[in-house]
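Q: show me the folded form of this:
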Amino acid sequence: MVPHSVIDFKTYPPLDFRNDIVPLFSKLGCNSGGCHGKPSGQNGFRLSVFGFDPQADFDALVKEARGRRVFPAASVRSLLVAKSTGVVAHGGGQRVTPGSHDAEILTKWIEQGMPWGTDTPRRLVAIKVTPGSRQLRPLSTQQLRVTALYSDDSRRDVTDAASYTTNSLSIAQVVHGGHVEIGEVPGEAAITINYMGQITVARLLVPRAGTDLIERPVHYDSTNPIDELVLSRLKKLRIAPSGPVDDAVFLRRLFITTIGTLPTVEEVTGFLADDDPNKRSLLVDQVLARSEYADYWAQRWSDILMANPETLGNRGAYELHRWLRHQMAINRPSDEWVHELLTATGNSGSHGPVNFYRGLRTPEEITRTVSQALLGIRMDCAQCHHHPFEIWGQEDFYGLAGYFTGLQRTALGDSREFIFHAGHQPTKIPIKDIPVTTRPPGGPGLPLDQQADPRSHLADWVTSGENPFFARLLANRIWKQLVGRALVEPEDDLRSTNPASNPPLLDYLANELVDNSFDTRALARTILLSGVFRTSSTANATNFDDTQNFSHYPVRRIQAEVLLDAISQVTMVPENFPGHPTGTRTIELWDNKLPSYFLDIFGRSERKSPCECGSSGDPTMTQALHLLNAPEIEAKIQHKNGRIARLVDAGVPRGELISLLAYATVNRPPTAEEKKVAEKLFSQEAEELAAQDFLWTLLNSYDFLFIR
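A: As a prediction, this is how the structure comes out:
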């Protein structure tokens with residue numbers, strides 16, 4: 001036995017406003033942006049967001065309104081206690097249960113005279129959660145314990161005072177005081193714990209109950225680390241991966257995800273007839289070498305970097321897109337072109353990358369975009385207060401902003417600017433007027449010998465293989481584009497409290513990028529040749545509810561620009577865009593503002609944010625109705641020079657015509673059901689009209705509209 005003693009049991013410990021009351025406000029949501037923490041406060045009472053300014057909160061509570069919010073003579077009658085417990089009407093409702101530990105803390109603090117605390121209080125340095133990770137059974141429970149660690153080496157149990165969020169409610173949810181309830185869905189849940197700005201994560205793994213040991217599927221390659229890492233994860237979760245896809249599905253999936261283009265009839269029939277056992281790897285190499293690869297990925301990066309003519313002007317948006325396409329076409333290493341982008345100087349009318357700085361007019365705007373688009377760090381919150389779910393604070397935000405405070409723009413006429421950096425200018429946190437060191441997030445401070453244009457120091461750090469963010473973000477983006485779901489979702493929100501669904505896999509992909517000098521095509525090839533990419537989208541009894549672990553390919557709707565090109569390719573009637581030559585494809589466009597009702601309703605990117613949420617892949621009723629009734633699509637189908645007219649004029653036999661339409665549209669032979677529908681149409685209508693109706697049926701089919 002270990003001897004122990006209890007002292008001062010009858011004496012309530014002295015309370016500290018910063019360590020006891022502010023955490024309680026955060027736990028109860030009082031200082032959130034939707035309550036008293038918003039800039040204007042709520043009903044005359046304002047707190048700093050998430051308690052980032054305890055002194056201002058103390059003054060507002062104790063000194064404002066002649067101290068009417070606290071009543072030392074009768075603590076339970078204080079507005080602070082009465083409103084929070086619901087005794088007095090409160091717009092936010094009852095936040096504290098009368099008689100609870102939280103109510104006790106509030107009343108005792110008032111009874112002790114509303115102490116601020118000592119002048120040199122112990123400082124919270126970290127929090128620790130136990131268990132940090134654990135494997136649990138479905139429909140079980142787990143109690144977490146959260147311990148606060150202080151600068152004087154003391155510890156305190158803050159389980160009841162901390163706040164909790166889960167990244168997957170279907171797997172695990174926290175009901176109260178760190179008590180976790182596990183659901184039936186297998187997977188891993190990350191429980192984020194927040195106490196006084198300190199963050200930690202508990203990871204809870206829930207395998208599928210009653211499942212046999214998982215065997216290696218035939219299409220998983222034991223020499224491909226991707227397959228090994230995914231399979232290792234699935235074995236832990238007792239989730240069996242789906243089987244492999246056939247050649248037709250592989251071909252279509254490869255073309256759409258890699259180059260945003262459908263295969264032609266000749267490419268489909270040729271590939272399906274090819275008996276070369278290496279034909280898939282050969283095809284991957286051929287597709288990666290095509291010009292459409294540069295078109296498609298330049299458009300993707302133009303969305304992320306906001307090549308928007310509304311903010312850059314037509315010339316600026318064109319030059320930025322043209323420059324991006326050239327980088328993709330020559331397969332320039334990503335670290336090189338990103339370095340040039342960050343340090344760009346020159347005439348916006350002739351030097352493409354400098355236009356990145358045209359639409360972002362303040363250091364703060366540039367900081368938010370660079371951190372999210374190139375590092376996967378969402379620092380918006382840290383501009384005003386400490387990030388609620390991460391380590392970043394105002395010092396980090398304005399430390400990064402310091403690289404851009406000296407940017408200058410000189411008007412050249414004709415909507416052009418000469419952009420350059422005039423030299424480093426020290427940065428301060430607004431309002432507080434506190435100087436900060438110019439440095440990247442978590443990186444070294446700006447050295448004296450790089451003051452002339454500090455952006456070179458930032459670019460060196462961003463593109464370094466030692467940077468923990470850049471390579472991981474690129475790998476995460478590429479994985480999502482090809483496989484359908486990012487390892488970290490959203491793909492540009494990399495933080496400790498939003499862990500990857502398969503951390504070793506993300507580490508491997510990032511290391512592959514670094515080891516191959518940031519060759520993104522090489523990484524794409526590795527992914528495309530994996531068994532994971534070749535896995536069917538058809539779920540089985542063990543993986544039907546798995547959305548995290550790539551046990552089956554996630555079905556998703558084709559992107560707006562790709563879908564419009566696909567309809568044009570299938571009908572053989574190109575879309576006409578003002579100011580562009582006939583035959584220009586949508587994925588080649590630099591202007592995201594060209595009038596197009598189709599692109600608008602199918603969710604093209606607005607290019608107003610570096611977040612890929614600026615575009616939408618969610619199917620809607622408006623989209624379905626448009627595909628069924630749009631006169632523009634009808635005109636393409638009925639066009640005198642379109643595919644149907646050409647086939648009918650050529651006298652192609654009915655059976656062959658039906659097959660050719662299926663090869664062109666869904667990139668496979670027609671199914672028995674499709675043949676049956678076609679025969680019925682041809683028996684009731686004239687040849688050309690029946691063919692048109694059959695093509696329209698295929699254009700509205702699941703297999704055409706979705707990547708599967």
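
Q: by contact count, what packs against the helix or strand harbouring Val81?
A: Assigned by DSSP states H and E, Val81 falls within helix 79-84. Helices and strands touching helix 79-84, as assessed by 3 or more CB pairs under 8 Å, 6 or more residues apart in numbering; DSSP states H and E, comprise helix 101-111. (Each C-beta comes from the backbone N, C-alpha and C, glycine too.)

Q: which of the residues in the next helix or strand after the helix it packs on are buried?
A: Next in sequence after helix 101-111, counting helices and strands by DSSP H and E, comes strand 124-130. Across strand 124-130, burial judged by 16 or more other CB atoms under 10 Å covers Leu124, Ile127, Val129.

Q: which stretches of the stretch 101-250 of the chain form strands?
A: 124-130, 133-135, 141-143, 145-150, 155-157, 163-166, 172-176, 179-182, 187-195, 198-206 (DSSP state E, counting those that start in this stretch).

Q: poorly predicted segments of the stretch 351-500 of the chain, please.
A: 382-390 (pLDDT under 70).

Q: now the helices for it?
A: 363-375, 394-401, 455-462, 470-483 (DSSP state H, counting those that start in this stretch).

Q: tell me which of the ones you listed lies nearest to Gly33.
A: helix 394-401 (15.8 Å; CB to CB).

Q: which other helices and strands does the closest one contact?
A: helix 363-375, strand 427-429, strand 434-436.

Q: sheet partners, orientation included, of the second one?
A: Applying DSSP bridges to the sheet, strand 427-429 is found paired with strand 434-436 (antiparallel).

Q: and the contacts of the partner strand?
A: Gln394, Glu395, Tyr398, Gly399, Gly402, Pro426, Thr427, Lys428, Ile429 (CB atoms under 8 Å, 6 or more residues apart in numbering).

Q: farthest-apart pair in those residues, please.
A: Top of the distance list for those (CB to CB): Gln394 and Pro426, 15.1 Å.

Q: the more surrounded of the two?
A: It is Gln394, of Gln394 and Pro426, that has more neighbours when counted by other CB atoms under 10 Å, with 22 against 10.

Q: one step back: nearest to Arg325 among the contacts of strand 434-436?
A: For the contacts of strand 434-436, the nearest to Arg325 is Gly402 (32.1 Å; CB to CB).

Q: can you pull the contacts of the closest one?
A: Here Gly402 is in contact with Pro363, His424, Gln425, Pro426, Thr427, Val436, Thr437, Thr438, Arg439, Leu446, Pro454 (CB under 8 Å, 6+ apart).

Q: in JSON lines, list those residues along with distance to Val174.
A: Output for these, formatted as JSON lines (distance: CB to CB, whole Å):
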{"residue": "Pro363", "distance to Val174": "38"}
{"residue": "His424", "distance to Val174": "45"}
{"residue": "Gln425", "distance to Val174": "45"}
{"residue": "Pro426", "distance to Val174": "43"}
{"residue": "Thr427", "distance to Val174": "38"}
{"residue": "Val436", "distance to Val174": "35"}
{"residue": "Thr437", "distance to Val174": "37"}
{"residue": "Thr438", "distance to Val174": "39"}
{"residue": "Arg439", "distance to Val174": "35"}
{"residue": "Leu446", "distance to Val174": "41"}
{"residue": "Pro454", "distance to Val174": "43"}
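
Q: restricted to buried residues, select those in PyMOL.
A: In PyMOL syntax, the buried subset of the contacts of Gly402 is picked out as below (16+ other CB under 10 Å):
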select buried, resi 363+424+427+436+438+439+446+454
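
Q: center of the chain, which residue is that?
A: Pro490 (2.0 Å; CA atoms, centre = their mean).

Q: surely that residue is in contact with Pro610?
A: No. Using CB atoms under 8 Å, Pro490 is not in contact with Pro610; the gap is 11.3 Å.

Q: mind listing the shared neighbours of the two?
A: If you check Pro490 and Pro610 against CB under 8 Å, 6+ apart, no residue is contacted by both.

Q: which element is Ala566 on?
A: helix 560-571.

Q: got the contact list for that helix?
A: 256, 260-262, 264, 296, 299, 557-558, 574-575, 585-587, 589, 596, 598-599, 602-604, 615, 633, 636-637, 639, 642-644, 664-665, 695, 698-699, 704-705.

Q: just the buried members of these?
A: 256, 260-262, 296, 299, 557-558, 574-575, 585-587, 589, 596, 598-599, 602-604, 615, 633, 636-637, 642-644, 664-665, 695, 698-699, 704-705.

Q: deepest-packed of the strands of the stretch 101-250 of the chain, please.
A: strand 187-195 (a mean of 23; mean count of other CB atoms under 10 Å).

Q: same for that one, what does it pack against?
A: Against strand 187-195 (3+ CB pairs under 8 Å, 6+ apart) you get helix 22-28, strand 124-130, strand 145-150, strand 163-166, strand 172-176, strand 198-206.
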